[in-house]
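Colleague: Sequence and predicted model, in that order:
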Amino acid sequence: MALKTFNLDNEIYKEFSKHCKENGISMSKKVENFIKQELEKIKAPNQSPPEQQDHEERMKKYVG
């Protein structure tokens, strides 16, 4: 794992941090999964909507 720094709006960070703490969610894993999903979209731009929906459904298990 690599430690990375991101610049975020303070209010957005605080609200999301609170949500994650209250729900036992790892902020790092959420960000990682978001980036992974974005990369998959970039790599498969011609994927049809039903296939994309199936993919998103499969990815839900990784989103905490």
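Modeller: Cool, got the structure. Residues are numbered from 1 along each chain as shown.
Colleague: which helices and strands does the strand or helix carrying residue 36 pack with?
Modeller: Secondary-structure element containing residue 36, defined by DSSP states H and E: helix 27-43. Packing partners of helix 27-43 (3 or more Cβ pairs under 8 Å, 6 or more residues apart in numbering; DSSP states H and E): helix 10-23, helix 49-59. (Glycine included, C-beta is placed from N, CA and C.)
Colleague: what mean pLDDT would you report for it?
Modeller: For helix 27-43, mean pLDDT rounds to 92.
Colleague: buried stuff in that helix?
Modeller: 30, 33 (16 or more other Cβ atoms under 10 Å).
Colleague: any idea of the angle it forms with helix 10-23?
Modeller: Relative orientation of helix 27-43 versus helix 10-23 (axes from the mean of the first three to the mean of the last three Cα atoms, to 10 degrees): 110 degrees.
Colleague: re the thing from before, so can I have JSON lines of the helices and strands packed on helix 27-43 showing mean neighbour count?
Modeller: Formatted as JSON lines, those follow (neighbours: other Cβ atoms under 10 Å):
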{"stretch": "helix 10-23", "mean neighbour count": "11"}
{"stretch": "helix 49-59", "mean neighbour count": "11"}
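Colleague: Confidence-wise, which of these is weakest overall?
Modeller: helix 49-59 (a mean of 68).
Colleague: circling back to that earlier point, I'd like the helices and strands packed on helix 27-43 as TSV, with distance to residue 33 appended.
Modeller: Formatted as TSV, the helices and strands packed on helix 27-43 follow (distance: least, Cβ to Cβ, whole Å):
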stretch	distance to residue 33
helix 10-23	13
helix 49-59	7
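Colleague: For the residue nearest the centre of the chain, give me its contacts.
Modeller: Nearest to the geometric centre of the chain sits residue 34, at 2.2 Å (Cα atoms, centre = their mean). By Cβ atoms under 8 Å, 6 or more residues apart in numbering, the contact set of residue 34 is empty.
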